[in-house]
Each structure stands twice: as C-alpha cells, then as structure tokens.
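**Q** Structure of the sequence below:
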Amino acid sequence: MRFPAEPFRIKVVEPLRRVTREERERLIREAGLNIFAVPADSIYVDLLTDSGTSAMSDHQWAGLMLGDESYAGSRNYYHFAETVRGIFGYPHVIPTHQGRMAENLLFSSVLKPGDVVPNNIHFDTTRANVEHQKAEARDLVIDEGLDPTSPHPFKGNLDPVKLDRTLRQLGRERVPLVMITVTNNSGGGQPVAMANVREVREVCDRHGVPLIFDACRFAENCWFIQQREPGYANRPVREIAREMFALGDGCTMSAKKDGLVNIGGFLALTNAEWVEKITNLLILVEGFPTYGGLAGRDLEAMARGLEEVLNEDYLAFRVGQVAQLGRMLDEAGVPIVKPVGGHAVYLDARRFLPAIPQSQFPGQSLVVALYREFGIRAVEVGSLMFGHRDPATGEHVYPTLDLVRLAIPRRVYTTEHMRYVAESVIQLHRERDRLKGLALVYEAPVLRHFTARLEELSGAETVAHGG
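**A** Next up is the predicted model:
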C-alpha cells in the first residue's frame with residue numbers, strides 16, 4: 001500500500017446523485033459558466049473547497065449536544081479558549097463565525113489607507129480584506145514558490161531578503177504587521193519551514209513589526225515540517241505547532257479547514273491594545289465576545305476538532321490521500337504543481353491548456369470542462385480569481401500562477417472517489433485540444449470569481465488570441 005488506509009470507519013452515509021451530461025451542460029450554462037452558481041446536489045465529487053466541508057467525528061457530534069447557548073460566558077467558550085491557548089499559546093482568544101471575519105476585524109482595527117501587508121501569498125479573502133482598507137497586499141514568496149515544477153520542499157516560504165527590503169523601503173509606520181499563510185494556499189498548498197519562520201521573525205524583530213499567521217491549515221504545515229525538515233522527524237506535531245506559533249504574535253484562523261468543522265474561526269493574539277479595538281468592533285458586527293457569531297455547540301465542535309486534527313494517524317492519511325491523487329495524475333503526464341501540497345492537488349492550467357492565453361481564463365475553462373464532462377467541481381486559482389486592472393495604467397495584470405485546485409474535503413471521500421477524479425482529469429488532458437477560451441460578461445468589483453458570468457469563445461477566437 002502506497003499510503004495509509006482510512007483511520008476511521010464510515011458510520012453515516014450521504015447519497016450522491018448522478019446527473020446526465022445534458023443536465024450538467026444546461027446547469028453550467030445557466031450558471032454563466034461559473035461553478036459557484038451550480039446547485040450542490042448536481043455535483044458528483046465536490047472538490048470546490050476543503051473549507052467547511054469536513055466530515056465531523058462522532059466525538060464532535062456528541063459535543064453538539066453539550067451546547068450551552070447562554071448569551072454570555074457559555075461553558076463551551078471556556079473550553080474552546082482553553083483549547084486554543086493550549087495549542088497556539090496566545091493569551092487572547094476571540095471567536096468569529098469564520099476566517100474572513102477574523103481577517104476583517106484585524107485589518108479594520110490595525111490598517112489605514114496606504115499601509116502594506118507582506119505575506120508569502122495572500123489568498124482571495126485575505127487580499128480582499130486588506131484592499132478593502134485601501135492598503136496593499138504584497139506577496140513575497142520565494143522564487144521557487146512561483147515555479148510549479150520546482151522540487152523545493154518548502155515552496156510556501158516567505159523570502160526574508162524581499163521582506164527586509166520591503167521593510168527598509170517603507171518603514172515601520174507603513175507596515176503594521178507581516179503575515180505568513182500556512183500552508184500557502186494560493187501557491188499550491190505548499191508548506192512553510194520552521195527555519196523560514198525563524199528567519200522572518202528575525203527580520204520582523206529588526207524592524208519592530210509583529211508577525212501574524214494565517215493558520216487555517218497549521219496542522220498540515222506542521223506535519224510537513226515533521227516529515228521534511230531536518231531535526232523534526234521525532235517531534236510530535238503538537239510540539240512543532242507550539243514552537244512555530246511561539247515565533248509569532250498571533251494568528252487568524254478559519255477553523256473550517258484544520259478545525260474540522262463546518263463553521264467557525266477565531267483570532268488569537270498577544271497585543272492587548274489590538275484586542276480591545278477588535279473586541280469593540282466584534283460586539284458591533286458579530287456578537288458578544290464569548291460567542292462571536294457562533295452557537296455554543298459550534299464552539300464545542302471547534303474545540304474538539306482542533307484536538308482531533310493533531311492526531312498523526314489522521315494527518316498521515318489526510319496528506320497521503322492528497323499525495324496519492326497527485327501521483328496518479330503526475331504518472332499520467334498531467335501537469336500539476338509539485339511537490340503536492342497538503343489539502344489539494346493543483347493543476348497547472350497554463351501547461352495543461354497552452355493554446356488558451358490568460359486573458360481567456362484557461363483555468364476556468366478547465367473547471368467548466370471537469371464539471372460538464374464528469375460532474376466534478378473544482379475551483380480556479382488564477383487569472384479569474386486574481387487578475388485585475390492596474391489602477392495607474394488600466395492594463396490587465398495576470399498572476400504568475402494560473403491553477404485549478406482540486407481541494408479534498410477532510411474525511412469525506414474514499415480512495416475510489418480519488419481514482420475516479422484521477423481518471424477523469426487524465427481523460428480530459430488527453431482531449432485538451434477541444435477546450436475553448438472564455439470571456440467575461442459580468443464581474444463584481446471585489447472577489448469577482450464568486451459571482452462572475454462568462455461565455456465560451458468559438459474555437460477560431462481562441463486560436464486567434466492564443467500563444
């Protein structure tokens with residue numbers, strides 16, 4: 001066996017509905033070629049996201065029955081806060097209903113127009129929340145992190161030289177914090193090394209700037225440190241996590257990833273002044289500080305999930321299942337981001353569809369074809385999600401990476417599901433020459449990929465603009 005078998009038994013099943021190709025064709029066209037607008041019950045294998053799609057354990061479901069729905073001071077909050085402090089080490093714990101609200105509260109409280117937030121690579125909501133404050137989200141990942149073929153084991157690393165240069169140029173007054181996203185979602189789910197976190201911390205200390213983690217996949221990142229970084233092979237993942245977070249000043253987290261829950265998030269911080277500002281805003285927009293937009297039962301499920309995610313049998317299977325899907329695709333010649341990350345396999349859309357230029361959204365073309373032909377829902381992480389116009393010149397700006405993410409929900413799909421996905425992608429790769437470019441017909445000013453509508457270009461239009 002090339003990766004561990006499932007470390008759990010299936011206790012409850014949910015039927016999947018197969019719809020015909022004709023119905024899928026109708027649905028995707030009615031959705032404006034936007035997979036976000038397709039009804040979930042028409043999806044066979046849903047790899048849109050690993051956020052909020054995990055299967056909770058019997059222990060978590062049991063915890064729901066212990067929900068204390070007191071408006072203030074719920075016992076579930078105290079259990080949750082104690083769990084977060086035990087894992088992350090930060091004294092102040094602020095629950096939120098999901099990660100983007102944690103980001104919004106943080107950036108609304110500490111950013112001002114003209115500020116810059118360095119990160120390895122911001123993901124979509126993080127970037128949008130920074131830019132909503134009229135600040136700049138600046139990506140400083142190492143060069144290897146922008147090369148899908150590089151074998152670097154920690155392609156999520158933030159480049160300390162680039163960071164030092166940025167801080168020297170801008171000064172402390174324009175950079176209120178530095179972030180590191182673990183794992184680096186936009187760059188292929190790639191991990192960050194402990195040595196890199198130490199280097200970044202040293203740069204931050206020289207300039208007097210706090211370091212904050214986007215920690216939504218922290219356990220997977222710490223698993224990669226254990227497996228790949230010298231000196232950590234015999235260290236428990238929990239200890240690695242405490243060592244990593246001790247190098248920071250706080251974190252935001254969407255617990256819908258490595259919290260193994262369907263809703264929930266939090267901020268954990270050391271800065272009491274920030275906490276006061278954030279808490280005042282939280283009360284206005286989310287709720288009382290001991291529930292933060294969540295029911296008590298959700299806090300209990302989150303506390304239990306944060307403990308379960310550190311189980312190393314689970315992590316071995318979780319990362320192994322994703323790696324096995326990557327191996328099946330790679331062995332068949334499908335271009336993917338390598339090494340395979342922790343939560344998803346990323347198809348390299350630019351190499352998959354070299355005849356379709358970024359201006360015609362090759363990743364989204366691939367997403368549409370995966371659903372239309374095979375009932376698989378994936379998500380584009382490329383020119384549709386991150387492309388934009390330069391505000392100074394009006395020119396279109398496209399990201400270096402144009403990817404399609406196959407995000408694997410935790411504890412949901414079996415090995416046979418992954419085999420079906422692999423065979424479908426491989427077949428689509430063989431027939432890639434018939435895929436066409438796309439054109440935008442509607443886009444929102446922020447996070448356009450969620451609501452955009454597109455149309456398919458004719459083959460002649462794709463060829464004419466290709467190359």
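
**Q** Would you check that residue 363 makes contact with residue 386?
**A** No: Residue 363 is not in contact with residue 386 according to C-beta atoms under 8 Å; the separation is 10.3 Å. The way it works is simple: take the backbone N, C-alpha and C, and place the C-beta from them, glycine included.

**Q** Compare these two (neighbour count), which wins?
**A** Neighbour count, other C-beta atoms under 10 Å: between residue 363 and residue 386, residue 363 has more, with 32 against 23.

**Q** could you point out which element follows whatever helix or strand the more buried one lives in?
**A** For residue 363, the element it lies in under DSSP states H and E is helix 362-374. For helix 362-374, the following helix or strand on the C-terminal side (DSSP H and E) is strand 376-377.

**Q** Can you list the strands that that next one pairs with?
**A** With DSSP bridges as the test, strand 376-377 is paired with strand 45-46 (parallel).

**Q** taking the mean pLDDT, what do you get for the partner strand?
**A** Averaging pLDDT along strand 45-46 gives 97.

**Q** How about stretch 341-358?
**A** 96.

**Q** go on, stretch 300-319?
**A** Stretch 300-319 comes out at a mean pLDDT of 97.

**Q** what comes up buried for that stretch?
**A** Applying a neighbour-count criterion of 16 or more other C-beta atoms under 10 Å, one finds 300-311, 314-315, 317-319 buried in stretch 300-319.

**Q** Over to stretch 409-423?
**A** 409, 410, 411, 413, 417, 418, 420, 421, 422.

**Q** Run through the residues that contact the second one.
**A** Counting by C-beta atoms under 8 Å, 6 or more residues apart in numbering, residue 410 makes contact with 50, 53, 54, 55, 260, 318.

**Q** Next, give phi and psi for the spatially closest residue to the first one that is not a sequence neighbour.
**A** Read that as residue 50. Nearest residue to residue 50, sequence neighbours excluded (C-beta to C-beta, 6 or more residues apart in numbering): residue 407, at 4.3 Å. The phi/psi pair for residue 407 (degrees, to the nearest 10) reads phi -90, psi 130.

**Q** for residue 294, same thing?
**A** phi -120, psi 160.

**Q** Looking at strand pairing, list the partners for the residue nearest to residue 50.
**A** Bridge pairing for residue 407 - DSSP bridges - gives residue 344.

**Q** what's the distance between it and residue 433?
**A** Separation of residue 407 from residue 433 (C-beta to C-beta, to the nearest Å): 27 Å.

**Q** Of those two, which one has the most company?
**A** Counted by other C-beta under 10 Å, residue 407 and residue 433 do not tie: residue 407 has more neighbours, with 24 against 8.

**Q** I figured the more buried one hits residue 54, correct?
**A** No: between residue 407 and residue 54 there is no contact under C-beta under 8 Å: 11.3 Å.

**Q** which one is residue 221 nearest to, not counting chain neighbours?
**A** Counting by C-beta to C-beta, 6+ apart, the nearest residue to residue 221 once its immediate chain neighbours are dropped is residue 182, at 3.9 Å.

**Q** Same question for residue 361.
**A** residue 438 (4.6 Å).

**Q** for that neighbour, what are its contacts?
**A** 33, 360, 361, 364, 365, 368, 454, 455, 456, 457.

**Q** Quick check: the second one vs residue 435, distance?
**A** Right, residue 360. Applying C-beta to C-beta to residue 360 and residue 435 gives a distance of 10 Å.

**Q** Of those two, which one has the most company?
**A** Ranked by neighbour count (other C-beta under 10 Å), residue 360 and residue 435 place residue 360 first, with 23 against 20.
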